[in-house]
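J.: Generate a structure from the sequence data that follows.
(chains A and B, ligands or ions: 3)
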Amino acid sequence: MTDSVQRLAAALQKLPSVGEKSAWRMALHLLEQDEAISYELAHALVAAKQKVRRCDRCFTWSETAICSVCSSENRDTTTLCVVEKPRDMWVLEQSGRYRGVYHVLGGVLSPMNGITADSLTLEELRNRISSEPIAEVIIGLGGSNEAETTAHYISRILQEFPITVSRFARGLSAGMDLEYADRFTLDQALNERRVITGGYR
Amino acid sequence: MILKSLSLLNFRNYLHLNLELPEGGALFYGVNGSGKTNLLESISYVLLGKSPRGAGVKDLVSVGERESFVKAVLTSGEQTRVQSIGFSRDKQLVITRDGETSTSLRALYGENRFVWFGPDDIQLITGSPEEKRRFIDITLSQVSPEYLAELMRYKKLIRERNALITGRFDSVLCDIYDHDLAQSMAAITAQRAHFFAEISSSVTSVYNQISGAESDVVVEFAPSLQLELPDEFELALKERRNRDREQGFTSIGPHRDSFRCKKDGRQIVGYGSQGQCRSSALALKIASTEYLTRDNHELILAVDDAFSDLDRTRREIFFDMIRTKGQLFVAVHSREELSYYDLPALSITQGKVVPYELG
Ligand SMILES: Nc1ncnc2c1ncn2[C@@H]1O[C@H](COP(=O)(O)OP(=O)(O)O)[C@@H](O)[C@H]1O
Ligand SMILES: [Mg+2]
Ligand SMILES: [Zn+2]
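T.: Numbering: from 1, shown residues only, chains lettered A, B, ... in the order given. Ligands and ions are numbered 1, 2, ... in the order given. Model (predicted):
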């Protein structure tokens, strides 16, 4: 094999769930296709990487400084849902039931994996609660041990604010990732959320 | 459940093996190095996902191969279950149970009861606390999958807490870990204490049967923390926090539990003879078989050179004690030994197993 094909296959293999075999299949497939297809792929990749950034407010992926949810006039800005990653926010958006705003944490606490409080957007969350009219924070994390710990942590550090903090109901079974929850489960998680600390603004 | 058949693919020196097993068990007869221990080890692996010799997957996969597979067909009355474990050198693991797949060893636990007798059993008396805990955990995990789940949760929490106290410290997070750990510690400690309470009288009586005398041999649980309530454990953790931070690890809790065997009020290790150490180790193991079968589950037993240093009379006493406990597999390397044990024999030569023919 030529060096270039080898390089391409090696690059493709860095993608999630792409093993050596599929990487080679993709590389050889691209070679056999029209040049236009390769250009399109390359351009789309670079454009996405250059244009997409974090929303300044909620930290989801966005092409503008403030994302479309944060800048929408039709959202309930008194309710904020904390999620682990942009994928989770999109899943909730697709369910169409949630009308509040979001905050993307960027992970869940796990010191042994190097994820401590300051590597998440927790300070930013506190700043938002201080400056925005938020009355309820819903912790929309999954059911893994780390997510449980993170949920406790958030409720602890938000105690100083006069707001309600609630959690998704147990519909999300232990260990489950939001990404894989079906629509019914999500609805239930949201509707039957339970209050951890009460408070009002 | 008992083993009806066993299939191996690239496991140690077995490249390909399909073996039907007699209901009552069998003797595996062969010269040294033929694969007797390997075969018993494969049984342990498919039932518990563990090698009794503490071997890792790299040792288990046949030389020159990448992946291994062990499958067991198990029966109990009318019920049949097919269980398999596949693993590769790069540590991928797939478990199937009646067609359902999983990547967690926990999927193996629930219905099977297995016990291993081997030359290393003496470590239950003379070995490190870690080896002693392995015995407690492997026994309790089989009887209570909840125990296993709690133990896994606990070990993970300890790793998180240790990483936290050695890295950038965060007292809010440490409070949360201490609180969750305390719940876990209370649950694990209670189950372990209960286990020792259950087996202690049978350890004494089995020991006396072996030694043919009345003695006061007892086994005593030696927990790291002699506490009961989660709140007490939480307080203990908080009190230790500063010292733990200096030392860089969590210094108290079930991950530091142990147990002791005593005779005449003194620890057998250091005080008793080699033979007394052997006998009390075996007494513990035999007492654990009673614990494993207390909910009427059938037991599978593997005996690998566990009795070879005993005289003929002692061997026969042991054989009589475990013969009725379940399906029994014994590795045998001399023809003389074949006659001690009243079980059908299978002859093993370099990765092949055939019925043993006299002559
Ligand atoms: N991963 C492996 N691949 C191939 N052969 C192995 C592997 N591990 C051990 N063996 C072989 O297995 C044999 C030892 O088998 P063992 O079951 O310990 O014998 P014994 O019958 O004495 O109990 C040795 O010949 C050794 O070379
Ligand atoms: Mg052997
Ligand atoms: Zn936004």
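J.: use CA for all of it now, contacts and neighbours both
T.: Noted.
J.: Any residues of chain A in contact with ligand 3? List them.
T.: Residues of chain A that fall close to ligand 3, judged by C-alpha under 5 Å from the ion: A:55, A:58, A:67, A:70.
J.: My guess is residue A:83 contacts residue A:103. True?
T.: Yes. Residue A:83 is within contact range of residue A:103, at 6.2 Å (criterion: C-alpha atoms under 8 Å).
J.: OK, contacts around the residue nearest to residue B:135 when sequence neighbours are not counted?
T.: By the measure of C-alpha to C-alpha, 6 or more residues apart in numbering or on different chains, the closest residue to residue B:135 outside its immediate chain neighbours is residue B:124, 7.6 Å from it. Taking C-alpha atoms under 8 Å, 6 or more residues apart in numbering or on different chains as the criterion, residue B:124 is in contact with B:131, B:132, B:135, B:281.
J.: Please report how far residue B:124 lies from chain A.
T.: Taking C-alpha to the nearest C-alpha, to the nearest Å as the criterion, residue B:124 is separated from chain A by 32 Å.
J.: Surely that residue forms part of a helix?
T.: Yes. Membership of residue B:124 in a helix is supported by DSSP: H, G, I helix; E, B strand; the rest coil.
J.: shaky segments in chain A?
T.: Along chain A, the parts satisfying pLDDT under 70 run over A:1, A:170-181, A:184, A:198-201.
J.: domain parsing for it?
T.: A:3-51, A:74-195 (automatic domain parsing).
J.: Just say which of these is most tucked in.
T.: domain A:74-195 (a mean of 18; mean count of other C-alpha atoms under 10 Å in any protein chain shown).
J.: wait, does that one contact chain B?
T.: Yes. Counting by C-alpha under 8 Å from any C-alpha of the partner chain, chain B has neighbours in domain A:74-195: A:110, A:111, A:112, A:116, A:145, A:149, A:152, A:153, A:156.
J.: Could you find the closest non-adjacent residue to the last one?
T.: Computed as C-alpha to C-alpha, 6+ apart, the closest residue to residue A:156 that is not its neighbour in sequence is residue B:172, at 7.6 Å.
J.: from memory that neighbour sits against residue A:154, does it?
T.: No. Taking contacts as C-alpha under 8 Å, residue B:172 lies outside contact range of residue A:154: 9.9 Å.
J.: which element follows the helix or strand where residue B:176 lies toward the C-terminus?
T.: Assigned by DSSP states H and E, residue B:176 belongs to helix B:171-211. Counting by DSSP H and E, the next helix or strand C-terminal to helix B:171-211 is strand B:218-222.
J.: Quick one: mean pLDDT over stretch B:110-130.
T.: pLDDT averaged over stretch B:110-130 equals 95, rounded to a whole number.
J.: Which ones among the residues of chain A next to ligand 3 map onto helices?
T.: Helix and strand membership here follows DSSP state H; of the residues of chain A next to ligand 3, those in helices are residue A:70.
J.: Nearest to residue B:154 among the residues of chain A next to ligand 3?
T.: residue A:58 (33.8 Å; C-alpha to C-alpha).
J.: Checking residue B:4 next. Helix, strand or coil?
T.: strand.
J.: how close does it get to ligand 3?
T.: Look at residue B:4 and ligand 3: by C-alpha to the ion, to the nearest Å, they are 60 Å apart.
J.: quick one: pLDDT of that residue?
T.: At residue B:4, the pLDDT value in this model is 97.
J.: Check whether it really touches residue B:25, as I assumed.
T.: No. Taking contact to mean C-alpha under 8 Å, the distance of 9.7 Å between residue B:4 and residue B:25 leaves them out of contact.
J.: quick one, which of those two is more surrounded?
T.: The neighbour count for residue B:4 versus residue B:25, taken as other C-alpha atoms under 10 Å in any protein chain shown, is higher for residue B:25 (22 against 19).
J.: Show the contacting residues for that one.
T.: Taking C-alpha under 8 Å, 6+ apart as the definition of contact, the neighbours of residue B:25 are B:327, B:328, B:329, B:343, B:344.
J.: how far away is it from residue B:138?
T.: Distance, residue B:25 to residue B:138, using C-alpha to C-alpha, to the nearest Å: 22 Å.
J.: Repeat that for residue A:136.
T.: Distance check for residue A:136 against residue B:138: by C-alpha to C-alpha, it reads 46 Å.
J.: Give me the local confidence score for the residue nearest to residue B:237 when sequence neighbours are not counted.
T.: When the adjacent residues along the chain are set aside, residue B:237 lies closest to residue B:178, with 6.4 Å between them (C-alpha to C-alpha, 6+ apart). Per-residue confidence at residue B:178 stands at 98 (pLDDT).
J.: quick one, helices of chain A?
T.: Using DSSP H, the helices of chain A run over residues A:3-12, A:20-32, A:35-51, A:68-71, A:86-95, A:122-131, A:145-157, A:183-191.
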